[in-house]
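1. okay, predicted coordinates and the sequence, questions at the end:
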Amino acid sequence: MEHQHHFGLDGGLSMLKIDDKATFSVGGGLGLHYAYGLTDQFNLMIEGSSSIVALGEDIGAGASNHHPSAVDSLGAGVGYVLDITRLVPYGGILASGYALRGGSLDHPIFVGGGALALGVDYMFTRNFAFGVAYRQHFLLTQMSTYPSYSNIFLRVEYVWGW
């Protein structure tokens, strides 16, 4: 809705694909999100998250030095919302920045990119919502090394303003 604010906490599964690794690096993450209703259909979206994707992974001797153990992200963009019932599906696109750190990295790697956002929220009351969100991230400046990074998060949020 127009002029409506949403602030919430996210948590769930994170998956990073590394080019020279046969399987995904899988772990958990936490995030915060804020949205503001620009119109009845469009929201400004601001999101940040931090995920552990390889806690205690044994990389082995002679392994490459581009296997991070954590990925942080911060992004902003716009989302289209179908706000017609208590069930509120949405989709959006965000410009994002990423920091890959830990693991076999000698130093943090900062990456520019974007994210495709899909989700659905359920409005329990006028002020509280619960939902599920999927984010497909594109680490554009390191796409050949990190071809896929995804989050599936459960969300809870406080909503105010009408």
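-> Alright, I've got the coordinates. Bear in mind that the values here come from a model prediction, so they are computed numbers and not experimental data. Residues are numbered from 1 along each chain as shown.
2. in this structure F24 contacts L13, no?
-> No: using C-beta atoms under 8 Å, F24 is not in contact with L13; the gap is 10.3 Å. In this view, the C-beta of every residue, glycine as well, is placed from N, C-alpha and C.
3. and F124, what is it in contact with?
-> Going by C-beta atoms under 8 Å, 6 or more residues apart in numbering, F124 touches 86, 130.
4. oh, that last question was meant for G79, not what I typed.
-> By C-beta under 8 Å, 6+ apart, the neighbours of G79 are 35, 42-43, 45, 90-93, 117.
5. for M45, see how far away it is.
-> Noted for G79: a distance of 5 Å to M45, by C-beta to C-beta, to the nearest Å.
6. can you check G29 too?
-> Separation of G29 from M45 (C-beta to C-beta) stands at 17 Å.
7. quick one, strands of this structure?
-> Along the chain, the stretches classed as strands by DSSP state E are 5-17, 25-37, 42-52, 70-81, 87-101, 109-123, 128-138, 148-160.
8. want to throw these into TSV with mean pLDDT?
-> Formatted as TSV, these follow (pLDDT from 0 to 100):
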stretch	mean pLDDT
strand 5-17	97
strand 25-37	96
strand 42-52	97
strand 70-81	97
strand 87-101	97
strand 109-123	97
strand 128-138	98
strand 148-160	97
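9. beta partners for the residue nearest to G31 when sequence neighbours are not counted?
-> Leaving aside its sequence neighbours, G31 sits nearest to S49 (C-beta to C-beta, 6 or more residues apart in numbering; 3.1 Å). Applying DSSP bridges to S49 gives these bridge partners: G31, S73.
10. residue contacts, S49?
-> Neighbouring residues of S49 by C-beta under 8 Å, 6+ apart: 10, 14, 29-32, 72-73, 151, 153.
11. next: R86.
-> Taking C-beta under 8 Å, 6+ apart as the contact definition, R86 lies against 122-124.
12. which one of the residues you listed is nearest A133?
-> The closest of the contacts of R86 to A133 turns out to be Y122 (C-beta to C-beta; 12.4 Å).
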